[in-house]
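Prediction below, plus the sequence it came from.
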Amino acid sequence: MIAKKYETVLFAFVNGAFMSGFMSFVITFLNIGFVDNFLFLWLGAYWKAFLVAFPIILLVTPRIRKAVSNLVSE
């Protein structure tokens with residue numbers, strides 16, 4: 001099991017891995033379709049997207065949570 005103190009980093013990693021994988025797959029498909037080397041092209045886009053998504057999620061998530069908590073009432 002992973003220690004609670006790593007929850008934020010783990011959340012950013014899992015969220016970044018999922019969202020960058022899903023979005024890079026969709027965008028690659030929309031741009032070029034299922035070509036012969038689609039998997040190779042998608043994986044190239046995926047790791048680049050993940051390198052951007054992971055640190056952004058780490059920086060933005062706390063601010064988004066705070067903004068959302070300010071918008072909702074009890």
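On my side now, so go ahead. Numbers count the residues shown, from 1 in each chain.

what sits against Pro62?
Residues near Pro62 by CB atoms under 8 Å, 6 or more residues apart in numbering: Thr8. In short, each C-beta sits where N, CA and C put it, glycine included.

chain center to the helix or strand hosting it, what's the gap?
In this assignment (DSSP states H and E), Pro62 forms part of helix 38-71. Distance of helix 38-71 from its chain centroid, counting by CA atoms, centre = their mean, to the nearest Å, is 4 Å.

buried residues in it?
Of all the residues in helix 38-71, those buried under the rule 16 or more other CB atoms under 10 Å are 41-42, 45-46, 49-50, 53-54, 57-58.

Including pLDDT, could those go into CSV?
Below are those laid out as CSV (pLDDT from 0 to 100):
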residue, pLDDT
Leu41, 96
Trp42, 97
Ala45, 96
Tyr46, 97
Ala49, 96
Phe50, 96
Ala53, 95
Phe54, 95
Ile57, 95
Leu58, 94
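
List the buried residues in the helix or strand Phe11 falls within.
Following DSSP H and E, one finds Phe11 within helix 7-32. Of the residues in helix 7-32, 12-13, 16, 20-21, 24-25, 28 count as buried by neighbour count, 16+ other CB under 10 Å.

which one of those residues is nearest Lys66?
Set against Lys66, the nearest of the buried residues of helix 7-32 by CB to CB is Ala12 (16.1 Å).

Cheers, nothing more for now.
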